[in-house]
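In: Sequence below, structure please.
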Amino acid sequence: MIFMDTKVNDDIRCIQNNLLEVAKLVSEDPMIIKNIERKNLAYEIDKKMDYYISTFKDADIIVVADSSGLKYSHLVKEQIGTHFINPVKWDLIKKGDGYFSTMRGSVGITTRRFEPILDENKKDIIGFVMVGKYNYLIKNRTKNTVIILALLFGVSLTLAFVMSIFFAGGVKKSLFGLEPEDIGKLHIKDKLIVDNLQSGLIVVDDKNHIADVNKVFYTRFSPLTPERILEETKNVLDGKETERFDIAIDKKIYHIKVLPISDEKSYYGYMLVVNSRDDVDSYAREITGIDQLIEGMRANIHEFKNRLHVILGLINLGKIDMVKKYIKEFQELNEYDFKKYQNVNNAYLKAMLLGKEAICKERQIEFEFDSLSNINIRENNQFINDIVTILGNLIENSIDAFKDENISEKSIWVSIKEEKDTVKIAVSDNGKKIPEPVINKIFDYGFSTKGKHRGVGLHLINQKIKLYEGSIKLIAENDKKTFYIEVKHEKDTNN
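Out: As a prediction, this is how the structure comes out:
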């Protein structure tokens, strides 16, 4: 609109300048000055005005008059020799000043330029010249200018709109179809996730420069620096393949996992996931349940040593009959222990249960195994490993429930049953109760009522159960609490 207004005003000023130039040209014409001074209504004046009108496009009408208003030229030839009727600002003319005006004349409404005519000596005013342009022509010109500019504006706006759509589409495609707000939210979420990892994370670009480090690294591994980690690892990796290895820095061992960052077209760098070796080993033991087997073996060995000491003592005392009787009783007891696990056909699971029973004997806890229990999975696959982890952690939690508890008759009851495609597990104890306010938190990682650096067992159990579309339920009644677990097992698939 500003440009349109400026253009229209420029057109009007251009017309006025043209009228002024023609008026100046006519007022200074020697032939015209000479004839007006002599009061000679010469035909040559009107003829020359017709020539000016045909030559200058903005001059539609030219009237030459003397100081009395007598006309020497006019479009309407009959008016030559008559006096100028419309008002003239003689005060300006007599001062030698020209002016513009718009008025209706004999040929219609015109925009006019009045310019005084001086005599040959340039002293006295002897007349004036009026050069005019029809107002309807000015309006038409202005209208055409407005239409053209409006069309140009419309075309430009349409073109800009279409181009902006293509440009925005290209930008959005490069941003994977995300809006700027989505990118901002995604960045914040990713930053929160990275900064809340349990592991230290160092991002390295394709030129082996550190691009980013999460807060966990600085919190857990200070005063160790990312630069030191990179210096110790860059000699043993190229970053383009997933690798795992340990490094030693200042007499501490760290486990490093290398994760390349790339797609089908480009390689962008890699990530170094940093953990202490103790954390990795501890979590590995939790997952595999190896600690539970080792603890069970230790308890069995300890019990066996005690029995050997008894036998050795009786031999030294010469009580051979008592030795024979003791060995027989011991053998019968072992046969009984093995007999109650006769329906557990997996050696790995049976070894874990025997170990847990030995630990309970050490700690004077009665260990009851449901006589109806059965499991027919003989092979040691991932499923049975996870069953061992689930059951072992539940029994371990029950054993821990008796610590610092003054209970005269401590008991743990265990059941495991395989029914078609489902394995059902139940573990019950009369140990320490779980406070009502924290029951909903017991499966959270790191939550524990047993102290610092505990609280992995039940979280791990819950994770394993989810792998097999299972469920876990805790029922507390009277002095006992029981965990009931069901997991699905498809026999025809490799686990």
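In: The residue nearest in space to the middle of the chain - nearest residue in space that isn't next to it in sequence?
Out: Central residue of the chain (CA atoms, centre = their mean): residue 186, 2.3 Å from the mean position. With sequence-adjacent residues excluded and distances taken as CB to CB, 6 or more residues apart in numbering, residue 186 is closest to residue 178, at 6.9 Å. (Glycine included, C-beta is placed from N, CA and C.)
In: distance of the one you found from residue 228?
Out: With the distance defined as CB to CB, to the nearest Å, residue 178 ends up 37 Å from residue 228.
In: repeat for residue 154
Out: 65 Å.
In: now swap in residue 86 and tell me
Out: Residue 86 is 99 Å from residue 228, by CB to CB.
In: And residue 116, which helix or strand is it part of?
Out: Taking DSSP states H and E as the criterion, the element that holds residue 116 is strand 108-118.
In: What of residue 49?
Out: Here residue 49, judged by DSSP H and E, is contained in helix 43-55.
In: Export the very next helix or strand once past that helix to PDB, keeping only CA atoms.
Out: Once helix 43-55 ends, the next helix or strand along the chain (criterion: DSSP H and E) is strand 61-66. Included here for strand 61-66 are C-alpha records, laid out as PDB according to Å, rounded to 0.1, in the frame of the first residue of the first chain:
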ATOM      1  CA  ILE A  61      -5.000  21.900 -23.700                       C
ATOM      2  CA  ILE A  62      -2.900  25.100 -24.100                       C
ATOM      3  CA  VAL A  63      -4.400  28.600 -23.700                       C
ATOM      4  CA  VAL A  64      -2.300  31.800 -24.300                       C
ATOM      5  CA  ALA A  65      -3.800  35.100 -23.100                       C
ATOM      6  CA  ASP A  66      -2.600  38.600 -22.500                       C
END
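In: need the next SSE after strand 61-66, C-terminal direction.
Out: Taking DSSP H and E as the definition, the helix or strand that follows strand 61-66 towards the C-terminus is strand 71-73.
In: about what we covered before: may I have the strands that pair with the following helix or strand past the strand holding residue 116, each with its orientation?
Out: Proceeding C-terminally, strand 108-118 gives way to strand 125-134 as the next helix or strand, assigned by DSSP H and E. Pairing partners of strand 125-134, with direction, according to DSSP bridges: strand 61-66 (antiparallel), strand 108-118 (antiparallel).
In: In the last one, which residues are buried?
Out: Spelled out, it's strand 108-118. Judged by neighbour count using 16 or more other CB atoms under 10 Å, the buried positions of strand 108-118 are 110, 111, 112, 113, 114, 115, 116, 117.
In: Give me the mean pLDDT for it.
Out: Regarding strand 108-118, the rounded mean pLDDT is 90.
In: Same check on the shortest one?
Out: The pLDDT scores in strand 61-66 average 92.
In: how much does it deviate in direction from helix 43-55?
Out: Strand 61-66 and helix 43-55 are oriented at 150 degrees to each other (axes from the mean of the first three to the mean of the last three CA atoms, to 10 degrees).
In: How about the last one?
Out: Relative orientation of strand 108-118 versus helix 43-55 (the same axes, to 10 degrees): 120 degrees.
In: tell me the domain boundaries of the protein?
Out: 2-141, 181-278, 289-488 (automatic domain parsing).
In: could you redo these as JSON lines and give each row distance to residue 166?
Out: Supplementary listing: those in JSON lines, determined by distance: least, CB to CB, whole Å:
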{"stretch": "domain 2-141", "distance to residue 166": "26"}
{"stretch": "domain 181-278", "distance to residue 166": "20"}
{"stretch": "domain 289-488", "distance to residue 166": "47"}
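In: Any idea which of these has the lowest pLDDT on average?
Out: Looking at the domains of the chain, the bottom one is domain 289-488 with a mean of 79.
In: returning to that earlier point: kindly indicate which of the buried residues of strand 108-118 lies nearest residue 167.
Out: Proximity to residue 167 was ranked across these by CB to CB; first place goes to residue 111, at 47.1 Å.
In: mind listing what the closest one touches?
Out: Residue 111 makes contact with 15, 16, 19, 100, 101, 102, 132, 133, 135, 138 under the criterion CB atoms under 8 Å, 6 or more residues apart in numbering.
In: Can you report how many residues lie near residue 220?
Out: Burial of residue 220 is recorded as 15 neighbouring residues (other CB atoms under 10 Å).
In: ok, it - contacts?
Out: With contact set as CB under 8 Å, 6+ apart, residue 220 has these partners: 200, 276.
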